[in-house]
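A.B. asks: everything below, folded, please.
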Amino acid sequence: MGKEAIIEKYLKCVEKEICNMAPSADFIESLRNDLYDYMEACSECTFEDLEKEFGTPEEIARDFISENSAIVPRKIRRSKLIRNIVIAVLAIVVIVSVCLMVDMYNHTAGMIVQKLYIYD
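C.D. replies: Numbers count the residues shown, from 1 in each chain. Down below sits the predicted model:
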């Protein structure tokens with residue numbers, strides 16, 4: 001397995017453990033650079049060597065999440081608030097639309113008159 005494949009496998013494992021619980025693009029890019037620097041110094045590195053040097057993907061993800069735990073709840077709370085506001089606005093629009101349709105139906109129901117003409 002090539003060096004790039006080993007690094008990408010390691011990074012995929014870290015990303016899988018983070019599970020989008022915190023914004024991690026900068027962290028992953030920084031980790032990628034560190035891994036490439038380490039791979040240049042070590043000619044025959046394996047996945048296990050990376051785990052020994054940097055820690056397991058689970059450990060790295062756990063540390064990253066614990067350091068960024070203050071960001072996550074605030075961001076989740078904000079996204080839930082926006083979602084709830086959108087749902088409430090849509091519900092109001094639907095209710096008003098239904099009421100207007102019922103009102104229009106009630107007002108126009110008596111206006112339809114059929115005329116019957118009889119010619120001798």
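A.B. asks: show me where the protein has strands.
C.D. replies: Using DSSP state E, no strands are found in the chain.
A.B. asks: which stretches of it have low pLDDT?
C.D. replies: 1, 20-23, 69-75, 109-114 (pLDDT under 70).
A.B. asks: which parts of it belong to which domain?
C.D. replies: Annotated domains of the chain cover 3-67, 73-112 [automatic domain parsing].
A.B. asks: winner for burial among those?
C.D. replies: domain 3-67 (a mean of 14; mean count of other CB atoms under 10 Å). In short, each C-beta sits where N, CA and C put it, glycine included.
A.B. asks: how far is it from where the chain is centred?
C.D. replies: 22 Å (CA atoms, centre = their mean, to the nearest Å).
A.B. asks: for stretch 82-94, same thing?
C.D. replies: Relative to its parent chain, stretch 82-94 has a centroid offset of 20 Å by CA atoms, centre = their mean.
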